[in-house]
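sequence and computational prediction follow.
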Amino acid sequence: MEKNFSLWKKQRLNKVDVSKKGSVDADIQHVVHLLNSCDRFFTTSSCSGRIVLIDGASDCREVQKQDCVWLYVSHQPCCFQDLKSSLEKSNGDALMKFEPFVLHVQCRTLQDAQLMHSVAVNSGFRNSGLSVSKTGKIISAVRSTHGLEVPLSHEGKLLVDEDYIHFLVKVANQKMEENLRRIQRFYQRLRSALQSSEVRNAEDTEVRDVEDQDGEDTEVRDVEDQDGEDTEVRDVEDQDGEDTEVRDVEDTEVRDVEDQDAEDTEDMHREDKPLK
């Protein structure tokens, strides 16, 4: 799995950006760089948030972006005049939307994905989630429900007055500003979490090294203790051997003395016997 992740990351980062914009949005470049510079993550798709005006066919029950005409797109707060002039180009059902920040990140491990999810939720992106594919790809989706979607025209005919459009522009811009604050909060907390995680990993590695060294030291002491015990046993055995040898010598000397005494006694008996 480790090898697959490294391969997937290399392939993704070398892949051409096929989005309409063709590059990472300016307001999240620091977030994307932070993640892609870490060996535990890489981004697969992202959007800093945008205000869009799309025009769909009037006979469609649902608006599908791929089948729509994009009348207006901005990743920054919009102005009334730009939106109004774009709306005048509508021939179908025009829809104004604010889409908040969204980010998809592939993670090396489930633990990494859980860290990402925790940071996202605590930063205000409460609609975030995790998914694991059959091939083992672990994806963390950072997203929120901080959106806006309002129909403005039907069959090319405007449904609202200019005052309402002014109001919608104000609401959309407020949401964009809040969205940017959440992005910055997410970045700061993510950076802090990654630094803390790296410190913990370093401490865990150090602890494992100490435990391994303690294990080696214990093994050495056990060997030394065993050698000491073996030496002590040999010393005892050698001492026992020496003691046995001494006893053998003493026993031999005693037997020699006893034999000599027996010979002397026999000689005396022969001397005491009277001559006939």
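Cool, the structure landed.

list the contacts for the residue nearest to residue 47 when sequence neighbours are not counted?
Take residue 47 and drop its neighbours on the chain: the residue closest to it by CB to CB, 6 or more residues apart in numbering is residue 102, 5.2 Å away. Where you see a C-beta, it was placed from the backbone N, CA and C, and this is true even at glycine. The contact partners of residue 102, taken as CB atoms under 8 Å, 6 or more residues apart in numbering, are 45, 46, 47, 49, 141, 142, 143.

which of those residues are buried, as a PyMOL select command?
If you want just the buried ones from the contacts of residue 102 in PyMOL, going by 16 or more other CB atoms under 10 Å, the selection is:
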select buried, resi 46+47+49+141+142+143
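
now, the contacts of residue 102 that are in strands?
Judged by DSSP state E, strands contain the following of those: 45, 46, 47, 141, 142.

and the two most separated of the contacts of residue 102?
Using CB to CB, the two most remote members of those are 49 and 141, lying 15.0 Å apart.

quick revisit: pLDDT at the residue nearest to residue 47, what is it?
For residue 102, the model assigns a pLDDT of 98.

run through who's touching the helix or strand that contains residue 96.
Element membership for residue 96, per DSSP states H and E: strand 93-99. With CB under 8 Å, 6+ apart as the test, strand 93-99 has contacts from 47, 49-58, 60, 63, 71, 83, 87, 147-155, 168, 171-172, 175-176.

so which helix or strand takes in the spatially most central residue of the chain?
Closest residue to the average C-alpha location of the chain: residue 112 at 3.0 Å, with CA atoms, centre = their mean. For residue 112, the enclosing helix or strand under DSSP H and E is helix 110-122.

list the buried residues of that helix.
112, 113, 115, 116, 117, 119, 120.

of those, which is the nearest to residue 9?
Distances from residue 9 to those, taken by CB to CB, are shortest for residue 112, at 12.5 Å.

surely that closest one touches residue 40?
Yes. Residue 112 lies in contact with residue 40 (CB atoms under 8 Å); the separation is 4.7 Å.

which phi and psi does the residue nearest to residue 47 have?
Dihedral pair for residue 102: phi -140, psi 140, per degrees, to the nearest 10.

one step back: distance between the strand holding residue 96 and the chain's centre?
The chain centre lies 38 Å from the centre of strand 93-99; the measure is CA atoms, centre = their mean, to the nearest Å.

neighbouring strands - and their directions - for it?
strand 50-56 (antiparallel), strand 148-151 (antiparallel) (DSSP bridges).

re earlier: pull out the buried residues from the contacts of strand 93-99.
By 16+ other CB under 10 Å, those give 47, 49-56, 63, 71, 83, 87, 148, 150, 152-153, 168, 172, 175-176 as buried.

how about the buried residues of helix 110-122 in CSV, adding pLDDT and distance to residue 96?
Formatted as CSV, the buried residues of helix 110-122 follow (pLDDT from 0 to 100; distance: CB to CB, whole Å):
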residue, pLDDT, distance to residue 96
112, 97, 37
113, 97, 34
115, 97, 36
116, 97, 31
117, 98, 31
119, 98, 31
120, 98, 27
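
export those as CSV, with columns for distance to residue 187.
Shown next, in CSV, are the buried residues of helix 110-122 (distance: CB to CB, whole Å):
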residue, distance to residue 187
112, 17
113, 18
115, 14
116, 13
117, 16
119, 10
120, 11
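
nearest to residue 200 among these?
Closest approach between the buried residues of helix 110-122 and residue 200, by CB to CB: residue 115, at 10.8 Å.

perfect, I'm done here.
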